[in-house]
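Novice: Pasted the sequence and its predicted model underneath.
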Amino acid sequence: MSELQQLHAHTIKLGLSTDTDTMGQIIKFCSASKNGDLEYALKVFDGIPNPDVFLYNILMKGFWRMASRPRDAIVLYLRMLHDAITPNSFTFPCVIRACCVDSAVREGRQVHAQVLKFGFGEDVVSSNNLIHMYVNFLSLEEARRVFDKMPSRSVVSCTTMITGYARSGFVDEALEVFESIPEKSSVLWNSMVAAFVQTGHFHGAFALFERMLDEKVVLDKFIAATVLSACAGSGALGLGKWIHFYIQSNEIELDPKLASAIIDMYCKCGCLEKALEIFNGLPSKGLSAWNSMIGGLAVHGKGDAAVKLFMEMEKEKVAPDHITFLNVLTACAHSGLIEEANNYFEHMMDFYGIKPRIEHFGCMVDLFGRAGMINEAMEIIEGMPMTPDASVLGALLGACRVHGKVELGERIGMEAIDLDPSNSGRYVLLANLYASAGKWQDVAEVRKLMNDREVEKIPGFSAIELDGNISKFVAGDRNHPESELIYAKVDAVLESIRKVGYEPDINEVLHDLSGEDIETPLCYHSEKLAIGFGLLKSKPGETIRIYKNLRICRDCHCAAKLISEVFSREIIMRDRSRFHHFRSGECSCKDSW
Ligand code: ZN
Ligand code: ZN
């Protein structure tokens, strides 16, 4: 800047202080260079009698991009209109972006009108920016209108549209946009696979990936990471392994994102050992790799190991973020490490200056609740700077059920339902609380409330992957081609564990409001069908891995423990919140989940 100021003095001496070209260069430096000074630029700008559209553009871009002062960019645009300067095609992308980051919805629409008025309705860059803006405002219809009016669809506009639809859960609309492009680039493929993953349509993601391979699209590190996250989300270990092998044999660059995607996949598919092996083998470990590994240990109930790994991370001077602490606290909660959790909760704020978010408070409530320290859990809730959401209350409610605090639970349960009336899980928790206290009338009332409000139950299913094929079971379903065999196997399995003391937990059936169909006998719950199928199809001694989308029920948990003993099989079941490793009649969760 000091050199620039000297040059500026020279130009003034030479009588060029109102020369647009010269002043333009000075403003450009001040507003676009890393060492620039926007205030200085503005002062020079104010001294020019008739600034032209280029100068306006440069300065607006400076405000928006360099100084993150989008509002000033919008004001500058207004001044430009007052001065009767006609905008050109470089003006609008910048103003639209400014409206977008400033969440200026009304101004954004006005600028859109101006784009049309000044004849830039067909300008590709302006249109792309408008689509991006409307997607950000969650105005998908308006985004689509701009998209449909474009004379030709670019990759940028398509991926923006696809991502926008996916974010709001409209996967069919995203697919329609994807299919409308004849020449698909790898960026476009990736955005569509990601859209399937984001909306939880893992099978769609896999089908698209297969099509991609058929069409000989090169598998790059971005697509690999996206497909790995689909494997992690659905427990598809076989495909995950294949992609890992592909990455190794094709020497795809293992950047921090891809490395943590691989670790995450192995953790979520139940292969903790393999995840650790890869983690330890990384030449340099980024924050995301540490986070994935600590989080993996946490959901597998290895609290001590997770805490130890965190200490190692601190020793290596890797600065943790809020996700790291969420994982550490989860680890403590799942393993009952109360003192450690308290320390880390303080440490996070005092030492690292990370403000706890609602998830961190939820974790602490969960921790105290599990330990039966209801008062401490209440204290956390009362001390929260924000209003507790349904998931925080849900954690406390679960604790009230386990520890028989019916009255408090009732109050919390009602509050949680009011906060999130469409979430079936909250009703289930309250009903379970009543059931555990034998208040059957109240159970019926909750069920009625749920029906009256037409709360959609999430249908429960269990999935098992064998030889790369995923088989999905819902309670009592007979759609599987080999269902005769599977049901016979389940009957035989239950018969043999009955000999070692298995007794169906009838209580659970009576008040089971969860996704499993209450009309179906307990013995044909989806978990049991999946285990039966696993025993039928795998080799003796092979580990059975099952993914269940809801919480595993008490009876299936009990049966799985006994099966692991009687059949000498390790069963690894992932439910919606954690992993259960069943081995020799015991479960890693120590029966609290
Ligand atoms: Zn069950
Ligand atoms: Zn368990």
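Specialist: Structure's in. What do you need? Ligands and ions are numbered 1, 2, ... in the order given.

Novice: Measure how buried the closest residue to ligand 2 within the stretch 301-450 of the chain is and give me the count.
Specialist: Using C-beta to the ion, the closest approach of the stretch 301-450 of the chain to ligand 2 is made by G301 at 8.3 Å. Backbone N, C-alpha and C define where each C-beta goes, glycine included. For G301, the neighbour count with other C-beta atoms under 10 Å is 22.

Novice: Skipping its backbone neighbours, what lies nearest it in space?
Specialist: Nearest residue to G301, sequence neighbours excluded (C-beta to C-beta, 6 or more residues apart in numbering): S588, at 4.8 Å.

Novice: same deal with V105?
Specialist: F137 (5.4 Å).

Novice: Would you state the predicted confidence (pLDDT) at that neighbour?
Specialist: F137 carries a pLDDT value of 90.

Novice: Quick check: phi and psi on it?
Specialist: The phi/psi pair for F137 (degrees, to the nearest 10) reads phi -80, psi 0.

Novice: Spit out the contact partners of it.
Specialist: Neighbour list for F137: C100, S103, V105, G108 [criterion: C-beta atoms under 8 Å, 6 or more residues apart in numbering].

Novice: farthest-separated two in the residues you listed?
Specialist: Distances among the contacts of F137 were taken as C-beta to C-beta; the most separated pair is C100 and V105, at 9.7 Å.

Novice: sorry, back to before: tell me the contacts of the residue nearest to G301?
Specialist: With C-beta under 8 Å, 6+ apart, S588 has these contacts: H300, G301, F579, H580, H581, F582.

Novice: can you put the residues you listed in TSV and add secondary structure and pLDDT?
Specialist: Output for those, formatted as TSV (DSSP: H, G, I helix; E, B strand; the rest coil; pLDDT from 0 to 100):
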residue	secondary structure	pLDDT
H300	coil	89
G301	coil	86
F579	strand	87
H580	strand	90
H581	strand	90
F582	strand	93
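
Novice: near ligand 1, which of these show up?
Specialist: Counting by C-beta under 5 Å from the ion, nothing from the contacts of S588 sits close to ligand 1.

Novice: Identify the single longest helix in the protein, thanks.
Specialist: Counting by DSSP state H, the longest helix found in the chain is helix 483-498.

Novice: how many neighbours does the closest residue to ligand 1 within the stretch 51-200 of the chain have?
Specialist: For the stretch 51-200 of the chain, the residue closest to ligand 1 is G200, as judged by C-beta to the ion, at 21.9 Å. Using other C-beta under 10 Å, the number of residues around G200 comes to 14.

Novice: Leaving out chain neighbours, which residue sits closest to it?
Specialist: Nearest to G200 is G233, by C-beta to C-beta, 6+ apart, at 7.2 Å.

Novice: swap in E340?
Specialist: In space, E340 is closest to C332, 5.1 Å off (C-beta to C-beta, 6+ apart).

Novice: can you tell me which residues contact the one you found?
Specialist: G303, V307, I338, E340, A341, Y344, L367.

Novice: and Y246, how many residues sit next to it?
Specialist: Neighbours of Y246 under the rule other C-beta under 10 Å: 14.

Novice: Now do the same for it: helix, strand or coil?
Specialist: helix (DSSP: H, G, I helix; E, B strand; the rest coil).

Novice: thought it was touching L219?
Specialist: Yes: in this structure Y246 lies within contact range of L219 using C-beta atoms under 8 Å: 6.4 Å.

Novice: Pick out the residue nearest the middle of this structure.
Specialist: Nearest to the mean C-alpha position of the chain, by C-alpha atoms, centre = their mean, lies Q198 at 7.3 Å.

Novice: List the residues that contact the residue nearest to that residue when sequence neighbours are not counted.
Specialist: Using C-beta to C-beta, 6+ apart and skipping the chain neighbours, the partner closest in space to Q198 is A166 (4.6 Å). By C-beta under 8 Å, 6+ apart, A166 lies in contact with A174, A194, A195, F196, Q198, T199.

Novice: before we move on, what SS does A166 have?
Specialist: Going by three-state DSSP: A166 is helix.

Novice: How many residues are close by the spatially closest residue to G121 that is not a sequence neighbour?
Specialist: Nearest residue to G121 in three dimensions, chain neighbours excluded: V115, at 6.3 Å (C-beta to C-beta, 6+ apart). V115 has 25 neighbouring residues, counting by other C-beta under 10 Å.

Novice: For V115, what is the enclosing helix or strand?
Specialist: Of the helices and strands defined by DSSP states H and E, V115 is found in helix 105-117.

Novice: Can I get the helix or strand following that helix in CSV? Just the C-alpha atoms.
Specialist: With elements assigned by DSSP H and E, the helix or strand that comes after helix 105-117 is helix 124-136. Written as CSV, here are the backbone C-alpha positions of helix 124-136 (Å, rounded to 0.1, in the frame of the first residue of the first chain):
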residue,chain,number,x,y,z
VAL,A,124,-25.2,-17.8,-18.4
VAL,A,125,-23.2,-16.5,-15.5
SER,A,126,-26.0,-14.3,-14.1
SER,A,127,-28.5,-17.1,-14.5
ASN,A,128,-26.2,-19.5,-12.6
ASN,A,129,-25.8,-17.0,-9.8
LEU,A,130,-29.6,-16.5,-9.7
ILE,A,131,-30.2,-20.2,-9.4
HIS,A,132,-27.6,-20.4,-6.6
MET,A,133,-29.2,-17.5,-4.8
TYR,A,134,-32.7,-19.0,-5.0
VAL,A,135,-31.5,-22.4,-3.9
ASN,A,136,-29.9,-20.7,-0.9
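
Novice: give me every residue that touches the closest residue to D83 other than its chain neighbours.
Specialist: Of all residues not flanking D83 in the chain, P51 sits nearest, at 7.6 Å (C-beta to C-beta, 6+ apart). P51 is in contact with T20, F45, D83, I85, counting by C-beta under 8 Å, 6+ apart.

Novice: distance of G460 from ligand 2?
Specialist: Taking C-beta to the ion, to the nearest Å as the measure, G460 falls 17 Å from ligand 2.

Novice: How about E277?
Specialist: 25 Å.

Novice: If you count neighbours, what's buried in the helix or strand encompassing that residue?
Specialist: Using DSSP H and E, E277 maps to helix 272-281. The neighbour-count check on helix 272-281 (16 or more other C-beta atoms under 10 Å) flags L272, K274, A275, L276, I278, F279 as buried.

Novice: State the next helix or strand along the chain beyond it.
Specialist: helix 287-299.
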